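In: Take a look and give me a structure for this.
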Amino acid sequence: MNELSTLARPYSKAAFEYSIEKGVAEDWLGYLKYLSEVIQHPLAKEILGQPSLSSNELVDTILGTYQEEIPIAFENFIKLLTKNKRLPLVPFLTRQFEELKANREAVIEIALTVTEKPNDVQLEKLSSALAENLKRKVSIQVLLDKDLIGGAVIQAGDMVIDNSIKGKLTKLADSLNT
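Out: Down below sits the predicted model:
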């Protein structure tokens with residue numbers, strides 16, 4: 001299985017880079033998912049596994065399963081996979097394509113807990129600073145908590161930045177009690 005993933009990597013990377021360049025990554029992901037389903041179907045495996053089927057017949061058979069018209073570039077991609085006998089790699093290739101897409105579109109959810117809702121300018125500054133620091137797109141969810149007294153608590157995954165008055169008072173109390 002590891003070997004198949006390795007063999008699929010250059011194809012998934014090339015397909016992803018092309019689809020990003022052309023702005024059609026979501027479409028290509030759909031085409032790949034469908035192709036993956038087709039070649040894994042038991043009946044398709046039986047048909048596609050026939051040694052008497054030429055590469056062109058194989059490509060025509062696969063293309064005939066698509067309900068919608070697909071771009072020439074994707075047709076050519078299927079032809080390349082068929083010619084190089086790489087159709088069995090499509091499920092691995094699809095997973096890798098999805099991972100590349102997810103990494104590129106990485107959005108991190110940020111929970112911002114404050115005593116009162118910040119204005120749009122403040123949210124934009126915070127969003128920009130966090131995006132630059134975390135090297136990801138940021139989606140901020142604002143939560144209101146009057147118990148904080150003032151300041152803010154920022155939580156992004158496992159990272160917590162507690163710059164609230166309540167948090168500072170708690171730290172002070174803990175240090176006095178030790």
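
In: For residue 90, give me its contacts.
Out: 8, 32, 35, 36, 39, 81 (C-beta atoms under 8 Å, 6 or more residues apart in numbering). No exception for glycine: its C-beta is placed from N, CA and C like everyone else's.

In: In contact with the third one: list those residues for me.
Out: By that I understand residue 35. 62, 78, 90, 94.

In: nearest to residue 50, of the residues you listed?
Out: Using C-beta to C-beta, residue 62 is the member of the contacts of residue 35 that lies nearest residue 50, at 13.2 Å.

In: excluding its backbone neighbours, what's nearest that closest one?
Out: Among residues not flanking residue 62 along the chain, residue 78 sits closest, at 5.9 Å (C-beta to C-beta, 6 or more residues apart in numbering).

In: now residue 91
Out: residue 36 is the one closest to residue 91 (C-beta to C-beta, 6+ apart), at 4.8 Å.

In: wait, that neighbour sits on residue 92?
Out: No: applying C-beta atoms under 8 Å as the test, residue 36 and residue 92 come out as separate, 9.1 Å apart.

In: Among these two, which residue is more densely surrounded?
Out: Using other C-beta atoms under 10 Å as the criterion, residue 36 and residue 92 rank with residue 92 on top: 22 against 19.

In: Within the helices and strands, which one has that one?
Out: Following DSSP states H and E, one finds residue 92 within helix 90-104.

In: Which other helices and strands does the helix or strand that that helix is followed by contact?
Out: Per DSSP H and E, the first helix or strand lying C-terminal to helix 90-104 is strand 107-114. Helices and strands touching strand 107-114, by 3 or more C-beta pairs under 8 Å, 6 or more residues apart in numbering; DSSP states H and E, are helix 120-134, strand 137-144, strand 151-156.

In: now the first one and strand 107-114, what's the angle there?
Out: What that stands for is helix 120-134. Helix 120-134 and strand 107-114 meet at an angle of 130 degrees, taking axes from the mean of the first three to the mean of the last three C-alpha atoms, to 10 degrees as the criterion.

In: Compute the distance from the centre of helix 120-134 to the centre of its chain.
Out: How far helix 120-134 lies from its chain's middle: 22 Å, per C-alpha atoms, centre = their mean, to the nearest Å.

In: per-domain residue ranges of this structure.
Out: Structural domains assigned to the chain are 2-103, 106-177, following automatic domain parsing.

In: Deepest in the core, which of these is it.
Out: Mean neighbour count (mean count of other C-beta atoms under 10 Å) peaks for domain 2-103 among the domains of the chain, with a mean of 15.
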